[in-house]
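Undergrad: Sequence isn't available, so here's the structure alone:
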């Protein structure tokens, strides 16, 4: 069936088809027809089944009888052929769940690697609970994935700041669980930007995103570090960045212990557009001497600021942190200069080509 037809079906129709498929599969796999209702209710607990499934079950039972007849006619040939390789099959050992190093950890890695939703993972955990050998596996996906039960929402000027996850360290450790080859140093790329999510009143969302540029992944795994929401942008950039900067400084100085190895963290780049860059660096954006890379003074051409002097002295990290309020470039100090081994000038690229 095409995807467009699936989208046109109602929710109840899709539900009936799923239950019908489960019913058909259960009738083919079990020997006792009385176990049919048990399997249906185990997969769909506390849900009311539709009355018209009684008609569907009659058709399915007829199909099942035909399949049983075909299976009986071929049973003798299957038995004869199975004797020829029975000696080989005896040497094959089928791994069991209890043979895994830790079934809970492997299941959590699988769910994170393939981005399984909590609803789908909850259904799978409910089915696995019927196996006595897997009784130690939790029923709730939040318990399996160690989802924090509390959140530390912080009131800042203009709105609230919410750090995602219990800490940046825990987010990194969960991500490392799904990676095969882990380098000794992780290069963090940070992205900060703001957007308006409502118009009346104007509500702004400022997320802090990150990914590691030196991991051998087909697609970059971007994760949320924290987010601000409020009426307008944060009134103070240092208050907005304070919690993230303090934790990142600790991770850079101490590293992360994972699988008997110490992994170091390095902030390699800060990606922002021009307004967001001016905000987080605490500098003036649309001024004649607002270039972040050099000390040139621009001039206005057709209502635009153009920097025509290509031989102006370059800015450096050292003269950036020793800012002078009289030069009309700095608004105030920024906490980003406290991040170890981070060049605030060279590690903040342009958001467009010039």
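TA: Perfect, thanks for sending it. Remember, it's a predicted structure, so these values are computed and weren't measured experimentally.
Undergrad: hang on, residue 252 is in a helix, isn't it?
TA: Yes: Residue 252 sits within a helix when classified using DSSP: H, G, I helix; E, B strand; the rest coil.
Undergrad: Report the contact partners of it.
TA: 264-267, 339-341 (Cβ atoms under 8 Å, 6 or more residues apart in numbering). Quick note: C-beta positions are derived from backbone N, CA and C, even for glycine.
Undergrad: let's go with 10 Å and repeat that
TA: Neighbouring residues of residue 252 by Cβ atoms under 10 Å, 6 or more residues apart in numbering: 188, 264-267, 339-342.
Undergrad: just residue 120 next, same as before
TA: Taking Cβ under 10 Å, 6+ apart, we find residue 120 in contact with 111, 114, 141.
Undergrad: which ones among those residues are found in helices?
TA: Under the assignment DSSP state H, the contacts of residue 120 contribute 111, 141 to helices.
Undergrad: Show me which of the contacts of residue 120 is closest to residue 129.
TA: Of all those, residue 129 sits closest to residue 141, with 12.7 Å by Cβ to Cβ.
Undergrad: residues in contact with the closest one?
TA: Residue 141 neighbours (Cβ under 10 Å, 6+ apart): 107-108, 111, 116-125, 147.
Undergrad: Now which of the contacts of residue 252 would you call buried?
TA: The neighbour-count criterion (16 or more other Cβ atoms under 10 Å) marks 188, 264-267, 339, 342 among these as buried.
Undergrad: Quickly name whichever of these is closest to residue 318.
TA: Closest approach to residue 318 among the buried ones among the contacts of residue 252 (Cβ to Cβ): residue 342, at 13.1 Å.
Undergrad: And the closest one, how far from residue 322?
TA: 16 Å (Cβ to Cβ, to the nearest Å).
Undergrad: Reformat the contacts of residue 252 as JSON lines; add secondary structure, distance to residue 329 and pLDDT.
TA: Output for the contacts of residue 252, formatted as JSON lines (DSSP: H, G, I helix; E, B strand; the rest coil; distance: Cβ to Cβ, whole Å; pLDDT from 0 to 100):
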{"residue": "188", "secondary structure": "strand", "distance to residue 329": "27", "pLDDT": "91"}
{"residue": "264", "secondary structure": "strand", "distance to residue 329": "33", "pLDDT": "90"}
{"residue": "265", "secondary structure": "strand", "distance to residue 329": "30", "pLDDT": "90"}
{"residue": "266", "secondary structure": "strand", "distance to residue 329": "27", "pLDDT": "92"}
{"residue": "267", "secondary structure": "strand", "distance to residue 329": "23", "pLDDT": "92"}
{"residue": "339", "secondary structure": "coil", "distance to residue 329": "20", "pLDDT": "92"}
{"residue": "340", "secondary structure": "coil", "distance to residue 329": "24", "pLDDT": "91"}
{"residue": "341", "secondary structure": "coil", "distance to residue 329": "24", "pLDDT": "91"}
{"residue": "342", "secondary structure": "coil", "distance to residue 329": "19", "pLDDT": "91"}
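Undergrad: In a markdown table: those, plus distance to residue 10.
TA: A markdown table is the format used below for those (distance: Cβ to Cβ, whole Å):
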| residue | distance to residue 10 |
| --- | --- |
| 188 | 46 |
| 264 | 54 |
| 265 | 50 |
| 266 | 52 |
| 267 | 50 |
| 339 | 53 |
| 340 | 57 |
| 341 | 57 |
| 342 | 54 |
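Undergrad: out of those, who's nearest residue 240?
TA: Among the contacts of residue 252, residue 339 lies closest to residue 240 (Cβ to Cβ), at 14.8 Å.
Undergrad: ok, the closest one - contacts?
TA: Contact analysis of residue 339 by Cβ under 10 Å, 6+ apart lists 190, 241, 244-245, 248-249, 252, 266-267, 270, 347.
Undergrad: before we move on, the earlier item: between the contacts of residue 141, identify the one with the most neighbours.
TA: Highest neighbour count within the contacts of residue 141, by other Cβ atoms under 10 Å: residue 107, with 23 neighbours.
Undergrad: Report the distance from the helix or strand where that one lies to the chain centre.
TA: Following DSSP states H and E, one finds residue 107 within helix 103-113. Centre-to-centre, helix 103-113 and its host chain are 14 Å apart (Cα atoms, centre = their mean, to the nearest Å).
Undergrad: ok so, going back, with distance to residue 237 as extra columns, can I get the buried ones among the contacts of residue 252 in JSON lines?
TA: Putting the buried ones among the contacts of residue 252 into JSON lines (distance: Cβ to Cβ, whole Å) gives the following:
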{"residue": "188", "distance to residue 237": "19"}
{"residue": "264", "distance to residue 237": "27"}
{"residue": "265", "distance to residue 237": "22"}
{"residue": "266", "distance to residue 237": "22"}
{"residue": "267", "distance to residue 237": "16"}
{"residue": "339", "distance to residue 237": "14"}
{"residue": "342", "distance to residue 237": "16"}
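Undergrad: Many thanks, I have nothing further to ask.
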